[in-house]
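Undergrad: Here you go, sequence then predicted model.
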Amino acid sequence: MVSTLKDAWKIPDLRRKILFTLALLFVYRLGSFIPVPFVDLTQLSSLVNDNGMFGLFNIISGGNFKNFTIFAMSITPYINASIIMNLLAFAIPALEKLQKEGEEGRKKLAQYTRFLTILLAIIQALGMSLSFGNLLTEKTTLTVFTVVLCITAGTAFLMYLGEQITENGIGNGISLIIFVSIISRIPSGISEMYNYITIGTMTAISLILFLVFIVVVVFGVVAVNEGQRRVPVQYAKRVVGRKMYGGQSTHIPLRVNMAGVIPVIFASSLTLFPATISSFFPTSAFANWVTTYFSWGSVAATIIYVVLIIAFTYFYTAVTFNPYDVADNIKKQGGYVPGIRPGKPTVDYLSRITNRLTLFGGAFLAIIAIIPIFVGNVMGVNLQFGGTSLLIIVGVALEVVKTLESEMMMRNHQGFLKS
């Protein structure tokens, strides 16, 4: 990774992209120190510490929720809007048609996603402001409007930063924002761990086991993300004029985890949805029911979390890999999978392999994400979001390195020869 960054830094165009990405992420962190007025941070801090779901949301936001800065909602409304638009694209023919229209269609879908993000942000900000009314130092129409305006504008600005990084920087902007948010919580996490050891809640053996778990997760994530199932493809020989073409063997590299960390980000966002809705009515029976049965670490919330991770792994894999198109391209180029007939048998073969890989990849993500929950319950320590944080950190870092390597390959074939 370090050598890749050094090589990328030597290329002027990539150096500009890296500096552009770092500059926008620095702007994001600066905004994390701008508080929203009229909010009692002492009461809010107590609420976050006592509620596992809010603690989870606080980690995703990089501590912005607990400090109630202009980025208190983080990029969650944009993630939810993206999920909704992707699901609607399968259900509404007009949106599905836009999705297949190339660049112009994707631009229109992106515009719809932005509008939906603002709508969801306003609804969520309004719900937070009204439900946290006792946390406002002044509860008037003006103060509620100010709070809603500040945090909605903050989400819109984060959406803009993410899109700019994706278009003009390195990597996926939204993933990088979440990555930086989690990284920024590491010092406070170490401080909490030290406090647990000091008061005796966590023993030295538990700390060693936790560190071993971190190492195992890092190696596991790298292995699964880099793992491939290579499907052999043989191209038949054909004569064109006086020249012979084809006859070579190649393979289709099917990644074990095609979806990367996207399922974890989507699943964590939706797992927060019941708590978000219940926060609109903090004194209602529904809010008490959610707190009792769907608090972070509960059996119901954990099961939902696992199901969502696996479901989104399948969903995102289906979006990014279409066995029908792959089989059709192989057939058009005169190729075939040895032992498999071209056409539908090839589609069924690729689908079967993809489904098995996806199941393994989704199960791996789910297991890593929930292990800290069980460990925390056994030890009596609130580890909250540890496994998912590691998955996102390692996954996004790998994606950035791959992006840099692909950019260097386009500009310099030496990177390809070295590999």
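TA: The structure has been received and is ready for your questions.

Undergrad: where's the lengthiest helix in the chain relative to the chain centroid, distance-wise?
TA: Longest helix of the chain, by residue count under DSSP state H: helix 344-379. From the chain centre to the centre of helix 344-379 is a distance of 16 Å (C-alpha atoms, centre = their mean, to the nearest Å).

Undergrad: Give me the packing partners of it, helices and strands only.
TA: Packing partners of helix 344-379 (3 or more C-beta pairs under 8 Å, 6 or more residues apart in numbering; DSSP states H and E): helix 204-226, strand 228-235, strand 249-255, helix 262-271, helix 299-320, helix 323-332, helix 386-411. The way it works is simple: take the backbone N, C-alpha and C, and place the C-beta from them, glycine included.

Undergrad: Can you tell me which of those is nearest to residue 174?
TA: Residue 174 sits nearest to helix 262-271 of all the helices and strands packed on helix 344-379, at 8.1 Å, using C-beta to C-beta.

Undergrad: what does that closest one rub up against?
TA: Defining contact as C-beta atoms under 8 Å, 6 or more residues apart in numbering, one finds that helix 262-271 is touched by 53, 56, 60, 76, 79-80, 83, 175, 178, 296, 301, 304-305, 308-313, 315-316, 362, 365, 369, 385, 388, 391-392, 395.

Undergrad: now the longest helix of the chain against strand 228-235, angle please.
TA: 170 degrees (axes from the mean of the first three to the mean of the last three C-alpha atoms, to 10 degrees).

Undergrad: from here on, count from 22
TA: Sure, I'll start numbering at 22, so the last one becomes helix 365-400.

Undergrad: Distance check, residue 280 against residue 309.
TA: 35 Å (C-beta to C-beta, to the nearest Å).

Undergrad: same for the helix or strand that contains residue 146, what does it pack against?
TA: Here residue 146, judged by DSSP states H and E, is contained in helix 124-152. Helices and strands touching helix 124-152, as assessed by 3+ C-beta pairs under 8 Å, 6+ apart, comprise helix 97-112, helix 114-120, helix 162-189, helix 294-299.

Undergrad: That one - what's its average pLDDT?
TA: Across helix 124-152, the average pLDDT comes to 86.

Undergrad: swap in stretch 352-371?
TA: Stretch 352-371 comes out at a mean pLDDT of 86.

Undergrad: ditto for stretch 322-333
TA: Rounded mean pLDDT across stretch 322-333 is 89.

Undergrad: same check, this time on stretch 277-295
TA: On average, stretch 277-295 scores 80.

Undergrad: one step back: which of the helices and strands packed on helix 124-152 sits closest to residue 45?
TA: Comparing these by C-beta to C-beta, helix 162-189 comes nearest, at 5.1 Å.

Undergrad: Could you name the helices and strands sitting against the next helix or strand after that closest one?
TA: Using DSSP H and E, the next helix or strand after helix 162-189 towards the C-terminus is helix 194-205. Judged by 3+ C-beta pairs under 8 Å, 6+ apart, the packing partners of helix 194-205 are helix 33-52, helix 73-81, helix 162-189, helix 283-292, helix 407-432.

Undergrad: how distant is helix 194-205 from the center of its chain?
TA: Here helix 194-205 shows a centroid-to-chain-centroid distance of 9 Å under the convention C-alpha atoms, centre = their mean.

Undergrad: now that helix and helix 283-292, what's the angle there?
TA: 80 degrees.

Undergrad: Tell me the helix or strand right after helix 194-205.
TA: Heading C-terminal from helix 194-205 (DSSP H and E), you reach helix 207-220.

Undergrad: Which positions within that following helix qualify as buried?
TA: Neighbour-count burial for helix 207-220, with 16 or more other C-beta atoms under 10 Å as criterion, is recorded at 210, 213-214, 217.

Undergrad: quick one: contacts for the closest residue to residue 272 other than its chain neighbours?
TA: Once flanking residues are discounted, residue 272 sits nearest to residue 251: 4.1 Å by C-beta to C-beta, 6 or more residues apart in numbering. Residue 251 sits next to 272-275 when contact means C-beta under 8 Å, 6+ apart.

Undergrad: how about the residues you listed in a markdown table, adding distance to residue 109?
TA: Compiled in a markdown table, the contacts of residue 251 are given as follows (distance: C-beta to C-beta, whole Å):
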| residue | distance to residue 109 |
| --- | --- |
| 272 | 36 |
| 273 | 30 |
| 274 | 31 |
| 275 | 28 |
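
Undergrad: out of those residues, which one sits closest to residue 61?
TA: Closest approach to residue 61 among these (C-beta to C-beta): residue 275, at 52.7 Å.

Undergrad: And the closest one, how far from residue 316?
TA: In terms of C-beta to C-beta, residue 275 sits 38 Å off from residue 316.

Undergrad: got it, and residue 103?
TA: Using C-beta to C-beta, residue 103 is found at 26 Å from residue 316.

Undergrad: Among the contacts of helix 283-292, the buried ones, what's the ChimeraX command?
TA: Typed into ChimeraX, the line below selects the buried ones among the contacts of helix 283-292, using 16+ other C-beta under 10 Å:
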select :74,77,81,97,100,101,104,196,199,317,322,325,326,329,330,331,333,334,336,337,383,386,390,406,409,412,413,416
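
Undergrad: among the contacts of residue 251, which two are most distant?
TA: 272 and 275 (9.2 Å).

Undergrad: okay, and the common contacts of the two?
TA: 251-252.

Undergrad: Let me know which of the helices and strands packed on helix 194-205 is the nearest to residue 203.
TA: Nearest to residue 203, of the helices and strands packed on helix 194-205 and by C-beta to C-beta, is helix 407-432 at 4.8 Å.

Undergrad: Between residue 103 and residue 316, tell me which one has more neighbours.
TA: A count of neighbours by other C-beta atoms under 10 Å puts residue 103 above the other of residue 103 and residue 316, at 21 against 18.

Undergrad: hang on, the earlier thing: quick one: which of residue 280 and residue 309 has more around it?
TA: Set residue 280 next to residue 309 and count neighbours by other C-beta under 10 Å: residue 280 wins out with 25 against 13.

Undergrad: Tell me, please, the helix or strand in the chain that averages the lowest pLDDT.
TA: Ranking every helix and strand in the chain by mean pLDDT, DSSP states H and E puts helix 435-439 at the bottom, with a mean of 44.

Undergrad: For residue 242, see how far away the closest residue to residue 239 other than its chain neighbours is.
TA: Leaving aside its chain neighbours, residue 239 sits nearest to residue 415 (5.5 Å; criterion: C-beta to C-beta, 6+ apart). Note on residue 415: its distance to residue 242, by C-beta to C-beta, is 4 Å.
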